[in-house]
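[1] Any chance you could fold what I've pasted below:
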Amino acid sequence: MNPFRMMFFLFSFRFLRFQKEYQPPPNAHETLISIAKSKIDDLKNVKEEEAILSYPFPDARTKFELLSAAFVEFKHAIPNSILYRIKCIGMLRLY
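    Residues are numbered from 1 along each chain as shown. Predicted coordinates for the structure are as follows:
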């Protein structure tokens, strides 16, 4: 398939849409940690930041709840093309 035709095909399905520019609030890191602690029971008593950031999502429901709470708090969505790559809280923070 012609590369230009392939590009048109992908754009028509909105796979390669442009992302809005986003500037997170200054306390985004602390807010994300507190959201994670409120949604994941295993993290409520964890004090070490590295342990929280490297903690993988235990299941799809927990990941959904945490991402939903983060969306409400930060007012910024994660596109599906990136969403499936996020496996832990640290990866979410990098996004």
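
[2] Sketch out the helices for this protein, chain order is fine.
    For the chain, the helices defined by DSSP state H occupy 3-12, 28-39, 49-53, 60-74, 80-83, 89-94.

[3] Of those helices, which is nearest Tyr22?
    helix 60-74 (8.2 Å; C-beta to C-beta). For glycine as for every other residue, the C-beta is placed from the backbone atoms N, C-alpha and C.

[4] Any chance you could give me the closest one in CSV, C-alpha atoms only?
    Provided in CSV are the C-alpha atoms of helix 60-74 (Å, rounded to 0.1, in the frame of the first residue of the first chain):
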residue,chain,number,x,y,z
ALA,A,60,-7.8,-4.0,35.0
ARG,A,61,-10.5,-2.7,37.3
THR,A,62,-8.0,-1.1,39.7
LYS,A,63,-6.2,0.5,36.7
PHE,A,64,-9.5,1.9,35.4
GLU,A,65,-10.4,3.3,38.8
LEU,A,66,-7.0,5.0,39.3
LEU,A,67,-7.0,6.4,35.8
SER,A,68,-10.6,7.6,36.1
ALA,A,69,-9.7,9.4,39.4
ALA,A,70,-6.6,10.9,37.8
PHE,A,71,-8.6,12.1,34.8
VAL,A,72,-11.1,13.9,37.1
GLU,A,73,-8.3,15.4,39.1
PHE,A,74,-6.0,16.6,36.3
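
[5] And for it, what's in contact with it?
    24-25, 28, 31-32, 35-36, 38-40, 57, 77-78, 83, 86, 89, 92 (C-beta atoms under 8 Å, 6 or more residues apart in numbering).

[6] Try it again at 6 Å.
    The contact list for helix 60-74 (C-beta atoms under 6 Å, 6 or more residues apart in numbering) reads Ile35, Lys39, Phe57, Ala77.

[7] any weak-confidence spans in this protein?
    1-20 (pLDDT under 70).

[8] what residues are up against Met91?
    Met91 neighbours (C-beta under 6 Å, 6+ apart): none.

[9] ok, back up a step: which among the contacts of helix 60-74 count as buried?
    For those, a neighbour count by 16 or more other C-beta atoms under 10 Å gives the buried set as Ile35, Lys39, Phe57.
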